[in-house]
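# Got a predicted structure here, sequence first:
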Protein chains: 2
Amino acid sequence: MSEAAVRVIGLWASPYVIRVLIALKLKGVEYEFVEEVVGKKSELLLRSNPVHKKIPVLLHHGKPVSESLVIVQYIDEVWSSSSSGGAPAAAILPADPYTRAVHRFWAQYADDKVPSAVRILKGTDAGDKEQAAGQLAAALQLLEQAFVELSHGKRYFGGDSVAYLDIALVSHVGWVKAVEKIAGVALLDKAKVPNLVAWADRLCAHPAVADAIPDADKFVEYSVKYGSFSKPINGPAK
Amino acid sequence: MSEAAVRVIGLWASPYVIRVLIALKLKGVEYEFVEEVVGKKSELLLRSNPVHKKIPVLLHHGKPVSESLVIVQYIDEVWSSSSSGGAPAAAILPADPYTRAVHRFWAQYADDKVPSAVRILKGTDAGDKEQAAGQLAAALQLLEQAFVELSHGKRYFGGDSVAYLDIALVSHVGWVKAVEKIAGVALLDKAKVPNLVAWADRLCAHPAVADAIPDADKFVEYSVKYGSFSKPINGPAK
């Protein structure tokens, strides 16, 4: 039996994996999902990402690509038109260099701020949790402003189409909603970040996204079962 | 007096600033360097990068771009042919998507490993220094292998031309050479990483690089004057 041309090594609960799946779905690329077992690194993973030993890894005709945002850019560059023979797939990176730079800036910002706060909010230290909730709320406030500036009153950070920053940010939404339940805090709060809440609802209903992001309850369950996501043996790649 | 079309807010000693200057020089773009004063953030910096308040910032017709690798990609995308009317400037990102992904992977790796080790090697804890020297040597070993694979026996990571990973990595060379002197360790060691040593010598003599990276002694002097570069008030952007 031959291997699929495109395989993704990952865990469904990792935001870094989720964004790779969304990018592939947006491009209409068929792929095989090779699910890791929590706490055990597969031989395939160790061989494919010997430097970091982390998910996600994209295998394209057997050649590995690591680091989630590197993978998303790779997908955008390789499948610049639909591989399924249908309508050409929309570009993920915006066409304008300045807008691209702004998307890259905020994607990096989200990766710096959101997962670190989420980790603490899943923990048990009340003081740390309060501080992390404050920092995450402040980050979401800046992202709310960025949305207003980038979307020009349209549906997504990319305007009419789902773009780089949409993918990078929405991949964190499952865990943000989960820690709202775990820590009992309101983060995606309509009173504070109305545009971001509407954007998240809209994007999570998008066919390329709906399948990739399970319900918040699934993330809560995962957190209960495996403890903090902060030190998984199969850690998410940056 | 009108402002220059391209301005860079920075400090000469920051590797993150150095890479922006190299990219501009490679493209033949004229720019004004707006030097910050160590320990004082200028109004221009605070206004241009209100989120991180960090150098470097590229101002292009007044519009700010932050985060050094985002800036390098922006420069590559905007000046895709020489703006000085001469021969078209070579592309910084390799043309092949897989090679681009590999360059992006190692550039991120270098930024994760090199500055953190350099910081410790400028410090005073002997045990920490030994560990950091070991980690940096291991990182350079992997980069040596990456050079062999990517250069195909040619001059640079980009083959015949200076490319993304060349720029990202060479910007750290000044500080690596400085901490060899400060900590009394051999890092760019011909016996261990011969290809990387030859690459660094070659690239540091390149006209676009020679001006941007002062002698190691200047970095040593800077380190003595301002102490550790780890917590400068004008911190380098990631």
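Arrived safely.

# CA atoms for contacts and neighbours, from now on please.
OK.

# Distance of the most centrally placed residue in chain A relative to A:H206?
Most central in chain A under C-alpha atoms, centre = their mean is A:S171, positioned 2.5 Å from the mean C-alpha point. Distance of A:S171 to A:H206, given as C-alpha to C-alpha, to the nearest Å: 13 Å.

# Would you mark the buried spots in the lowest-mean-pLDDT helix or strand in chain A?
In chain A, no helix or strand scores lower on mean pLDDT, DSSP states H and E than helix A:216-226, which sits at a mean of 92. For helix A:216-226, the neighbour count (16 or more other C-alpha atoms under 10 Å in any protein chain shown) marks A:216, A:219-220, A:223 as buried.

# do the same with stretch A:142-161
Result for stretch A:142-161 [16+ other C-alpha under 10 Å]: buried residues A:143-144, A:146-147, A:150-151, A:155-159, A:161.

# ok so, going back, pick out whichever of the buried residues of helix A:216-226 sits closest to chain B.
Distance to chain B, by C-alpha to the nearest C-alpha, is smallest for A:S223 among the buried residues of helix A:216-226, at 27.7 Å.

# which stretch of helix or strand covers the nearest residue to A:L187 once chain neighbours are set aside?
Using C-alpha to C-alpha, 6 or more residues apart in numbering or on different chains and skipping residues adjacent in sequence, the residue nearest A:L187 is A:A137, 6.0 Å away. Taking DSSP states H and E as the criterion, A:A137 maps to helix A:126-151.

# Chain B contacts on chain A?
A:65-67, A:70-71, A:73-74, A:77-78, A:97-98, A:100-102, A:104-105 (C-alpha under 8 Å from any C-alpha of the partner chain).

# Give me the buried subset of the residues you listed.
Judged by 16+ other C-alpha under 10 Å, buried ones among these: A:65-67, A:70-71, A:73-74, A:77, A:97-98, A:100-102, A:104-105.

# how about the helices in chain A?
Ranges of helices within chain A are A:15-27, A:43-48, A:68-78, A:97-121, A:126-151, A:164-170, A:173-183, A:194-204, A:207-210, A:216-226, based on DSSP state H.

# quick check: angle from the helix holding A:A137 to helix A:194-204?
80 degrees (axes from the mean of the first three to the mean of the last three C-alpha atoms, to 10 degrees).

# ok, A:H103 - contacts?
Residues counted as contacts of A:H103 (C-alpha atoms under 8 Å, 6 or more residues apart in numbering or on different chains) are A:164-165.

# any idea how far it lies from A:A95?
For A:H103, the distance to A:A95 equals 11 Å [C-alpha to C-alpha].

# same deal with A:V20?
Distance from A:V20 to A:A95, by C-alpha to C-alpha: 20 Å.

# cool, A:L46 as well?
36 Å.

# between those two, who's got more neighbours?
A:L46 (14 against 10; other C-alpha atoms under 10 Å in any protein chain shown).

# Isn't the more buried one up against A:K53?
Yes - using C-alpha atoms under 8 Å, A:L46 makes contact with A:K53 at a distance of 5.4 Å.

# mind listing what A:H61 touches?
A:H61 neighbours (C-alpha under 8 Å, 6+ apart): A:4-6.

# hang on, I meant A:A139
A:A139 touches A:110, A:113-114, counting by C-alpha under 8 Å, 6+ apart.

# possible to save these as TSV with neighbour count and pLDDT?
Formatted as TSV, the contacts of A:A139 follow (neighbours: other C-alpha atoms under 10 Å in any protein chain shown; pLDDT from 0 to 100):
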residue	neighbour count	pLDDT
A:A110	20	98
A:K113	16	97
A:V114	21	97
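
# Name the nearest of the residues you listed relative to B:I167.
Ranked by distance to B:I167 (C-alpha to C-alpha), the contacts of A:A139 are led by A:A110 at 25.3 Å.

# Can you get me a residue count around the closest residue to that closest one other than its chain neighbours?
When the adjacent residues along the chain are set aside, A:A110 lies closest to A:L169, with 6.5 Å between them (C-alpha to C-alpha, 6+ apart). Neighbour count of A:L169, defined by other C-alpha under 10 Å: 21.

# doesn't A:Q108 make contact with A:L169?
No - between A:L169 and A:Q108 there is no contact under C-alpha under 8 Å: 9.6 Å.

# can you list the domains in chain A?
Domain segmentation of chain A under automatic domain parsing yields A:6-78, A:97-226.

# mind listing what's buried in stretch A:12-32?
So for stretch A:12-32, counting by 16+ other C-alpha under 10 Å, buried means A:12-29, A:31.

# Excluding covalently adjacent residues, which one is nearest to A:L140?
A:L140 sits nearest to A:V193 (C-alpha to C-alpha, 6+ apart), 7.2 Å away.

# ok, now which ones touch that neighbour?
If you count contacts by C-alpha under 8 Å, 6+ apart, then A:V193 has A:140-141, A:144 around it.
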